[in-house]
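[1] Got a predicted model here, sequence first, then my questions.
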Amino acid sequence: MLSPRSQRHKEVKDSLKATPHPVWVEDMLESLADQWKAAVYTPPVAQTMTEAIDEATWGLLLREFFCVVEAFPKYMGLSLAKTTYGQSPRDFLVRDWLIGNIRVEALHVRWYLDWAAGHGISTAEITGHRPSPEVASLFEWLWSVSHRGTLAEAVGAVNYAIEGVTGEWSRVVLPAFTKLYGEGSKSLTWLAAHANYDDAHPREALEIVKLATTSADEIRRVHSSISRSLELFERAFKVCIVKGRNGS
């Protein structure tokens, strides 16, 4: 039997099942398709699909992206502050979805450190790492849009774009890392979790974006915020393979 808290989270997720997209969403997704694909199949991911894992590149990626992983519930907390309850149709679902997923995110940083440990990276090394300008730009953009953007912009940029592409690239590289670490390894938990559920999270996030977008101007802003996240994510991933090969 589910606890009342878990039951409520399930009810919220069930209430955010996919609905037919309005025309503006269909147009947006079509226009972003190439950029989305580029953000998923960055050089480190594409290389891992066909070659042995480049441990230098992935070690650097793990150190670089810790700042974003650690900040993820904070970004969502800023979005939560924008929500209402009973002031617009189904607004309570957005509030409850964010609360439930912030709780889930609390585990992700621990799982990420387990992945780093499997790669031979200590907690002190990863938490003390100073990210490159490219990753710092992504980190700062997500903070800025979560703080200054509308609810739709923030959820689109953070939960739809970043969680969406992360779910896809995690599924692509999971077989290679499973072979490296062994089936059932604790080092796989972060990757496996994102590969398994991040198809639901971005879909639910897109439903929230649809609920929260109320004007033509906001449609343009949502499109721009998602595009910006994809652009910065691709740039941040690409620079890691260059630095990894140079032994940085």
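    Great, that's in hand.

[2] can you map out the helices along this protein?
    4-15, 23-40, 43-50, 55-80, 91-118, 123-127, 133-148, 151-155, 163-181, 189-197, 200-212, 216-245 (DSSP state H).

[3] How far off centre is stretch 147-164?
    Counting by C-alpha atoms, centre = their mean, to the nearest Å, stretch 147-164 is centred 10 Å from the centre of its parent chain.

[4] and what of stretch 120-140?
    On C-alpha atoms, centre = their mean, the centre of stretch 120-140 falls 16 Å from that of its chain.

[5] Contacts only, for residue 38.
    230, 234 (C-beta atoms under 8 Å, 6 or more residues apart in numbering). Where C-beta positions appear, they are placed from N, C-alpha and C, glycine not excepted.

[6] ok so, going back, which stretch among the helices of the chain is buried most, on average?
    helix 151-155 (a mean of 28; mean count of other C-beta atoms under 10 Å).

[7] looking only at pLDDT, what's the mean for it?
    Average pLDDT, helix 151-155: 97.

[8] And the contacts of stretch 214-229?
    With C-beta under 8 Å, 6+ apart, stretch 214-229 has contacts from 24, 28, 31-32, 35, 138, 141-142, 145, 149-150, 152-154, 156-158, 160-162, 209, 213.

[9] please redo it, this time with the cut-off set to 6 Å
    Stretch 214-229 has contacts (C-beta atoms under 6 Å, 6 or more residues apart in numbering) with 24, 28, 145, 152-153, 156-157, 161-162, 213.

[10] where does this protein dip in pLDDT?
    Scanning the chain for pLDDT under 70 picks out 1-11, 13-14, 197-199, 242-248.

[11] one more time with 80, if that's ok
    1-15, 197-199, 242-248 (pLDDT under 80).

[12] Quick check: chain neighbours aside, which residue is closest to the residue nearest the centre of it?
    Here the mean C-alpha position of the chain is nearest to the C-alpha of residue 163 (C-alpha atoms, centre = their mean), at a distance of 2.4 Å. Leaving aside its sequence neighbours, residue 163 sits nearest to residue 201 (C-beta to C-beta, 6 or more residues apart in numbering; 4.7 Å).

[13] which residues touch residue 67?
    Contacts of residue 67 by C-beta under 6 Å, 6+ apart are 131, 139.

[14] Tell me how far it lies from residue 98.
    21 Å (C-beta to C-beta, to the nearest Å).

[15] again, but for residue 212
    For residue 212, the distance to residue 98 - C-beta to C-beta - is 11 Å.

[16] Residue 157 too?
    Residue 157 is 14 Å from residue 98, where distance means C-beta to C-beta.

[17] Residue 159 too?
    When residue 159 is compared with residue 98 (using C-beta to C-beta), they lie 9 Å apart.

[18] And residue 115, by the same measure?
    Taken as C-beta to C-beta, the span from residue 115 to residue 98 is 25 Å.

[19] do residue 79 as well
    In terms of C-beta to C-beta, residue 79 sits 6 Å off from residue 98.

[20] What of residue 133?
    From residue 133 to residue 98 the distance is 30 Å (C-beta to C-beta).

[21] again with residue 119
    For residue 119 relative to residue 98 (C-beta to C-beta), the value is 31 Å.

[22] what do you get for residue 131?
    Taking C-beta to C-beta, one finds residue 131 at 25 Å from residue 98.

[23] before we move on, what about residue 113?
    Where residue 98 is concerned, residue 113 sits at a distance of 24 Å (C-beta to C-beta).

[24] Residue 123 too?
    For residue 123, the distance to residue 98 - C-beta to C-beta - is 28 Å.
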